[in-house]
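Peer 1: Quick one, fold the following:
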Amino acid sequence: MADTTDAAAPGFNERFRKARRKKIKRFGKNLIRNLAEFLGRQSLVGNAPVLDRKHFPNLDEFTRRWKEIEAEVREILKHREAIPVFQDVSPDQMRIAKGTNWRTFILYGFGSKLEKNCKQAPVTVSMLEKVPNLQTAWFSILGPGYHIPAHRGVSKGILRAHLGLVIPKDAEKCHMRVGDTDNVWRPGEIFVFDDTYEHEVWNDTKEERVILLFDFDRPMKFWGRVLNKSFVSALKFTAYYQEPKKNMANFEDRFEAATRRANENLEKLSDED
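Peer 2: Next up, the predicted model:
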């Protein structure tokens, strides 16, 4: 009789990992809910879904120099097919990211700088480096006709900024709901919001939408800062952080290789001329 122990083991191990991950995610969601109320009270900038820009004067440079950022992302978009889709970078996003509709060119992930990607956007990175307690930053590229379903972020201790770069002409049909607010992207305009409020996105146009998205620590009182730092540090030991970290490095290398090949082909064509 054939020994089926080895054959059965992988199936059991996989089921065990999935069950463990499901329990950890459930525990994490409960923890996040319990933390949210406390961190909201610790906030120094209010606790609304979309926050007043007067609290963030340090972001004014992004609106003054947005054209320079747009120029950099348009160069990156020349190699669009080498830019990963969101769910390939972070498998946890498979519910909200489908097909090739949502691509992300990551500059910073969970506080770590992707050096090779950052070389593609030096002006953008020079501005991001001035943002206190920056956590993540990427160019978010949303295809025509796509809807990102309602979802919530991980920690109320982190805020998210969106800077409009490449926006469809019919901007009113490309918008995001955050809580009970409706927000339309405009070229060169920035808004800051709390992504732990339920939010969803529609691009009901035939054009692509590109923004610079970045996360930074919410300004809070002392104990709010301490608790948030501890929570984010613990998060870095989970699959939620570890899987994207590994994937980001792989895609960073792929994009660099794609741009190198494109440049080499251009040089060959120039030599032939």
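Peer 1: before we move on, which element is Ser230 in?
Peer 2: helix 222-235 (DSSP states H and E).
Peer 1: Tell me which residues of that helix come out buried.
Peer 2: Using 16 or more other C-beta atoms under 10 Å as the test for burial, helix 222-235 gives Gly224, Arg225, Leu227, Asn228, Phe231, Val232, Leu235. To be clear about C-beta, it is placed using only N, CA and C from the backbone, and glycine gets the same treatment.
Peer 1: for stretch 55-62, same thing?
Peer 2: His55, Phe56, Leu59, Phe62.
Peer 1: ok, the third one to Glu81 distance?
Peer 2: Spelled out, that is Leu59. Here the criterion is C-beta to C-beta, to the nearest Å. By it, Leu59 lies 32 Å from Glu81.
Peer 1: Kindly report the same for the last one.
Peer 2: With distances taken as C-beta to C-beta, Phe62 is found 28 Å from Glu81.
Peer 1: can you give me the end-to-end distance of stretch 141-161?
Peer 2: For stretch 141-161, the first-to-last residue distance is 15 Å (C-alpha to C-alpha, to the nearest Å).
Peer 1: Quick one: mean pLDDT over it.
Peer 2: Here stretch 141-161 scores 94 as its mean pLDDT.
Peer 1: Kindly report the same for stretch 222-236.
Peer 2: Mean predicted lDDT for stretch 222-236 stands at 88.
Peer 1: most centrally placed residue in the chain?
Peer 2: The residue lying closest to the centre of the chain (C-alpha atoms, centre = their mean) is Trp138, at 5.6 Å.
Peer 1: Dig out what it forms beta bridges with.
Peer 2: Ile106, Leu213 (DSSP bridges).
Peer 1: Likewise for His162?
Peer 2: Phe191, Leu213.
Peer 1: unless I'm mixing things up, it is touching Ile211, no?
Peer 2: Yes - proximity of His162 to Ile211 meets the contact threshold set by C-beta atoms under 8 Å, at 5.0 Å.
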